[in-house]
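Chemist: Quick one, fold the following:
(chains A and B)
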Amino acid sequence: MYNFEFERPSTIADAVAALGGEDAQALGGGQTLIPTLKQRLAAPSKLVSMNGIAEMQGVCIEDDGSVAIGGATTHANVAAKAAGSYPALAALAGQIGDPAVRNRGTIGGSVANNDPAACYPAGVLGSGATIVTNTRQIAADDFFQGMFTTALEEDEIITSVRFPVPQAASYQKFLQPASRFALVGVYLARFADGVRVAVTGASEEGVFRWSEAEEALNKEFRTDALMDLHVNPMNMIGDLHGSKEYRAHLVGVMTKRAVEACS
Amino acid sequence: MPKDSGIGASSKRREDVRFLTGAGNYTDDINVHGQAYVHFLRSDIAHGRISNIDTSAAEGMPGVVKIFTGKDFEGVGGMPCGWEITDRHGAPMQEPPHPILAQGKVRHVGDPIAAVVADSLEQARDAAEAIEVDIEELPAVMDMKAAAQDGATLIHDDLKNNICYDWHLGEEDNDKVNEVFANAAHVTTLDLINNRLVANPMEPRVAVAEYSRGTEDYTLYTTSQNPHVIRLLMCAFVLGLPEHKVRVVAPDVGGGFGTKIFHYAEEAFCTFAAKACNRPLKWTASRSEAFMSDAQGRDHVSTVELALDADNNFTGLRTNTYANLGAYLSTFSSSVPTWLHGTLMAGNYKTPVIQVNVKAMFTNTVPVDAYRGAGRPEATYQLERVIDKAARELGVDPIALRRQNFITQFPYDTPVALTYDTGDYNGTMDKLEAAADLAGFAARRAESEANGKLRGLGVNCYIEACGIAPSNIVGMLGARAGLYDAATVRVNATGSISVMVGAHSHGQGHETAFPQVVADMIGIDESMVEIVHGDTSKIPFGMGTYGSRSLAVCGSAMVKATEKIIDKAKKIAAHLLEASEADIELKDGQFSVAGTDKSVAWGDVTLTAYVPHNFPLEVEPGLEETAFYDPANFTFPAGAYACEVEVDPETGQVTIEAFTAADDFGNIVNPMIVDGQVHGGIGQGIGQALLENCAYDENGQLLSASFMDYAMPRADDLPFYGVDHSSQTPCTHNPLGVKGCGEAGAIGSPPAVVNAVLDALNAGGKAVDHIDMPMSPSRVWAAMNG
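Modeler: This is a model prediction of the structure:
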């Protein structure tokens, strides 16, 4: 690890100011960034921790019924505190990593990093959530722009993520056996105005919506509706843990299981 | 009735108190005043010629003490190999140099090019980044069969090819073997890969070295399973130091699994450089370094053929194996695919004709050496997989086919150089069938099917040669060391006992089990006995811990030394009791005169030994004895394992539903510790079968270089185990009748898991012959849909 300055502001405004310096970087739970630093693969001049900002902590229910989660809220807190208001999302948070990861890692950090195998991007995109930053609100459909790429500007901070609560939802995660990230994870949310299906772990392009499945399920919300649908393996990830064809197959299986869970 | 102390008691592991409360003393816990830190600059290229190393910028950086490259070690010995294999033509194996720091070439990712010594680790790392290395990249030699071809790129320029040796064992006459196969009623052939593994002990390797200018003594603290072996190799073959000026200490060691047997360049470097820098030096491997510098395990590619007659008797077995040794010969690497592998190809069966062929290959990968089981798992896997395939092809019960071919008469001379002293394979299989409730399997399968899962049962046997080893035999086979062990029993004046042992305990529970033996022999409380291990300045010259040998070999030395103690104590007791020595009996810590009520307590005798006022003049004062023990034969633990799996037909996910081990370890000192050893071994075997895979790409880059991609088994990957070791045929040639239990689980379990998965698939209508390990969901799904 190279040396760096460290700041732990207590307000969003102070955090924005602290991030203004050259090569400063926001630090959430550090579950990706800290190992990267330890391997000397990054050398920010300053880390600005989000963990001291009270207004970025916690889970609350907005007037319109949506669930808002502070950007610095840990996975463990989401698992515990959203269990009543948005159980499928709480269940997703409770499956991330292990207890150590869940007690450090944050929703803002995960969403901003947009790891192609992370769980939260599926939950956020599958829910059609809104990413709230210090400057604007970004729809999930516009936010995720490919592996490790998002709509965030330099120094923009995710202050919260707002989730509309569906009638039913389910996250089906198939574990990569070593990292226990998602080899394939499917988040399915059923709203009054339609079904959303978001897939993580599978694609070279990062999290994506499986629109064919959404259309089929909007016509008929049954597993049979998926029978003739196949994801093209071409753009899938193929690696030590699973071929492209296998991941494409798993997208179908996990989606089917999500439908069963929501039926 | 279970005993509550002594031999046969499940005494709680006394060492666990310090391990579980953070009070252990590991090598990384040791800090020497004034120490500097070592960082190795390692190659990120698998194969290349070093054209230039420029350390000038790095040398001026803050905190840098000194920078070393291969040039500093010209004229210094390289890392030695401890076992010379003679090939099938009678020629010695090709033995390339293995320098401490790369000289001229790099040969695997992780090969150390330079070492930086600096005041802090971060300064050493900063300086290492400023070293400029020019490497002319060469094609990486990765595929073993391609590496064996004429014209393949040479890894070691001075060798004639990349083949370390081409070796065989068993029937030499190819015509005779061909005839057996030609006359067979059925031949089953199987190609399989025994996947490469990374041991990944919880504690990475560490070395702390210091040199005293005043006394010219060196001390090396290192993470080793055998400190005396390290001292001997380092002093005699690498650095040319007198052994009496070097102390090697292996304090608490956080797991070895074989990979801490070997003498490593880093520990020799630290010892050498501590004098050169006149500073104590410390090196602690990062986990990433462990992945690219700890000797790895397995990596065999084999074809095995089994011939059977019309009555399903095994008539012949032939195997052809390519064994990967990596880029250099690690300490015992050459012995693993040969004498620890070929000799086990008879397994538990009376196959009359066996031929084993092994080509050991150099490749541009991390060196491969012994890993829990070492050669024996590779043999067992081939044999038990091909038998299972034969049973499926013939439509016969796999257990019945095994039973029919079991060796039942002992001693038994195998066609592959071993003499099994004892065993009862049918008896052990009976235990397994009962313990695993195999009669109830059909009902369990039906239940799984009702839940949409395919259920499979895999059963196999194993045998291993442990208690390594008779020195005269291994000497003939090429070992460059004796493989006896030693113990010194020091009785203190007040009757407590310190036992200095050559074996090293790094998780095996010696600190509990060894005292149980001594205490039992004398009849005193276990708490009065303590073992001392891991420090060459304290212990006699013993060979350390590996090959499930500690109790069978070092324990036997300890028994012999304790017998000497008892003999001497009886002389003293006879004097005190004014009786004849022949009439003295020792029971429950009391010496008594047979047929009388006269007795004297253990503590009174020991005090007399050190305060010899009333003492037999012909006897020396004191009570301390040493014994060396060289075994007469190997020991042959054997067993039968059963695994039940469920396979999710939609995803190929395998879950272990039940695992039962029936082992014959001979006599057992501490059943609880034996259970734990078996549990751990099975965990590693299941890891190999389902999860672990050390994979390189075609350029020699390590793909599974961290726990993000190398899947270690976690608790929830493993079932509750059934362990039965009530089948006991005591070893006939060591005083405790013990055989060893450390590796059994890792040897016996991989074929059980694979056999179970294949049984599940075939029962589910998928005609699948074989799936290579690890049987990841992706591979199982591909096999089902292939």
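Chemist: Now do the same contact list for B:A140.
Modeler: Applying Cβ atoms under 8 Å, 6 or more residues apart in numbering or on different chains to B:A140 gives the contacts B:A46, B:H47, B:N364, B:E698, B:N699, B:G700. (Each C-beta comes from the backbone N, C-alpha and C, glycine too.)
Chemist: Could you look up the SS state of it?
Modeler: Classification of B:A140 by DSSP: H, G, I helix; E, B strand; the rest coil places it in coil.
Chemist: what does the model give it for pLDDT?
Modeler: Listed pLDDT for B:A140 reads 98.
Chemist: again, but for the one 10 residues further on
Modeler: According to the model's per-residue confidence, B:D150 sits at a pLDDT of 94.
Chemist: element containing it, please.
Modeler: Using DSSP states H and E, B:D150 sits in no helix or strand.
Chemist: before we move on, what about the one 4 residues further on?
Modeler: With secondary structure defined by DSSP H and E, B:L154 is part of neither a helix nor a strand.
Chemist: does it really touch B:N161, like I thought?
Modeler: Yes: if you go by Cβ atoms under 8 Å, B:L154 and B:N161 touch, sitting 7.2 Å apart.
Chemist: Out of the contacts of B:A140, the closest to chain A would be?
Modeler: Ranked by distance to chain A (Cβ to the nearest Cβ), these are led by B:E698 at 13.8 Å.
Chemist: What is the neighbour count of the closest one?
Modeler: B:E698: 10 surrounding residues under other Cβ atoms under 10 Å in any protein chain shown.
Chemist: By residue count, which strand of chain A is the longest?
Modeler: strand A:182-191 (DSSP state E).
Chemist: Please name the spatially closest residue to B:T408 (chain neighbours excluded).
Modeler: B:N426 (6.9 Å; Cβ to Cβ, 6 or more residues apart in numbering or on different chains).
Chemist: got it, and B:A9?
Modeler: Nearest in space to B:A9, with sequence neighbours left out and distances taken as Cβ to Cβ, 6+ apart, is B:K3 at 4.2 Å.
Chemist: pLDDT below threshold where in the stretch 101-250 of chain A?
Modeler: Scanning the stretch 101-250 of chain A for pLDDT under 70 picks out no residues.
Chemist: got the residue ranges for the helices in it?
Modeler: In the stretch 101-250 of chain A, the helices defined using DSSP state H, counting those that start in this stretch lie at A:107-113, A:120-127, A:140-143, A:211-219, A:244-262.
Chemist: which one of those helices lies closest to chain B?
Modeler: Closest approach to chain B among the helices of the stretch 101-250 of chain A (Cβ to the nearest Cβ): helix A:244-262, 4.4 Å.
Chemist: ok, back up a step: from the contact counts, what lies against the longest strand of chain A?
Modeler: Helices and strands touching strand A:182-191, as assessed by 3 or more Cβ pairs under 8 Å, 6 or more residues apart in numbering or on different chains; DSSP states H and E, comprise helix A:87-94, helix A:120-127, strand A:168-175, strand A:194-200, helix A:244-262.
Chemist: remind me which residues of the stretch 601-750 of chain B are low pLDDT?
Modeler: Along the stretch 601-750 of chain B, no part satisfies pLDDT under 70.
Chemist: Next to chain A, which bits of it? Give me the list.
Modeler: Residues of the stretch 601-750 of chain B that fall close to chain A, judged by Cβ under 8 Å from any Cβ of the partner chain: B:650-653, B:690-691, B:693, B:695, B:703-704, B:707-712.
Chemist: Show me what secondary structure element comes after the longest strand along chain B.
Modeler: For chain B, the strand that runs over the most residues, judged by DSSP E, is strand B:314-326. Under the assignment DSSP H and E, the closest C-terminal helix or strand after strand B:314-326 is strand B:353-362.
Chemist: The residue nearest to A:N232 when sequence neighbours are not counted: what's it in contact with?
Modeler: With Cβ to Cβ, 6+ apart as the criterion, A:N232 has its nearest non-adjacent residue at 6.8 Å, and that residue is A:A248. Residues in contact with A:A248 (Cβ under 8 Å, 6+ apart) are A:A202, A:H230, A:V231, A:N232, A:P233, A:M236.
Chemist: Would you point out the most distant pair within those?
Modeler: A:A202 and A:H230 (12.8 Å; Cβ to Cβ).
Chemist: Look at the two and report which has more neighbours.
Modeler: A:A202 (32 against 12).
Chemist: ok, that one to B:I193 distance?
Modeler: From A:A202 over to B:I193 the distance is 27 Å, taken as Cβ to Cβ, to the nearest Å.
Chemist: Count the residues that sit near the residue of the stretch 201-350 of chain B at minimum distance from chain A.
Modeler: Nearest residue of the stretch 201-350 of chain B to chain A, counting by Cβ to the nearest Cβ: B:S288, 7.2 Å away. By other Cβ under 10 Å, the residues close to B:S288 number 16.
Chemist: right, and it touches A:L41 too?
Modeler: No: look at B:S288 against A:L41 with Cβ under 8 Å: they stay out of range, at 11.3 Å.
Chemist: Chain A contacts on chain B?
Modeler: Proximity of chain B to chain A (Cβ under 8 Å from any Cβ) is limited to residues B:122, B:125, B:129, B:288, B:650-653, B:690-691, B:693, B:695, B:703-704, B:707-712, B:776-778, B:781-782.
Chemist: Contacts for whatever helix or strand B:E210 lives in, please.
Modeler: Assigning secondary structure by DSSP H and E places B:E210 in strand B:206-212. By Cβ under 8 Å, 6+ apart, the residues outside strand B:206-212 that reach it are B:26-28, B:30-32, B:35, B:217-223, B:264, B:266-267, B:269-271, B:273-275, B:278, B:280-285.
Chemist: are any of those buried, and which?
Modeler: With burial judged by 16 or more other Cβ atoms under 10 Å in any protein chain shown, the buried subset of those is B:26-28, B:30, B:32, B:35, B:218-223, B:264, B:266-267, B:269-271, B:273-275, B:280-285.
Chemist: how far is the helix-or-strand element of chain B with minimal mean pLDDT from where the chain is centred?
Modeler: Here the helix or strand of chain B ranked lowest by mean pLDDT, DSSP states H and E is helix B:471-476, holding a mean of 93. Relative to the chain's own centre, helix B:471-476 is displaced by 19 Å; criterion: Cα atoms, centre = their mean, to the nearest Å.
Chemist: buried residues in it?
Modeler: If you call a residue buried by 16+ other Cβ under 10 Å, then helix B:471-476 has these buried ones: B:I473, B:V474.
Chemist: now swap in stretch B:443-454 and tell me
Modeler: Neighbour counts over stretch B:443-454 (16+ other Cβ under 10 Å) mark B:R444, B:R445, B:S448, B:K453, B:L454 as buried.
Chemist: Also stretch A:229-249?
Modeler: Applying 16+ other Cβ under 10 Å to stretch A:229-249 flags A:229, A:231, A:233, A:236-237, A:240-249 as buried.
Chemist: out of everything not next to it in sequence, what's closest to residue 59?
Modeler: All of this refers to chain A. Among residues not flanking A:V59 along the chain, A:K81 sits closest, at 4.1 Å (Cβ to Cβ, 6+ apart).
Chemist: ah, no, chain B please
Modeler: Sequence neighbours aside, B:I67 is the residue nearest to B:E59 in space, at 5.6 Å (criterion: Cβ to Cβ, 6+ apart).
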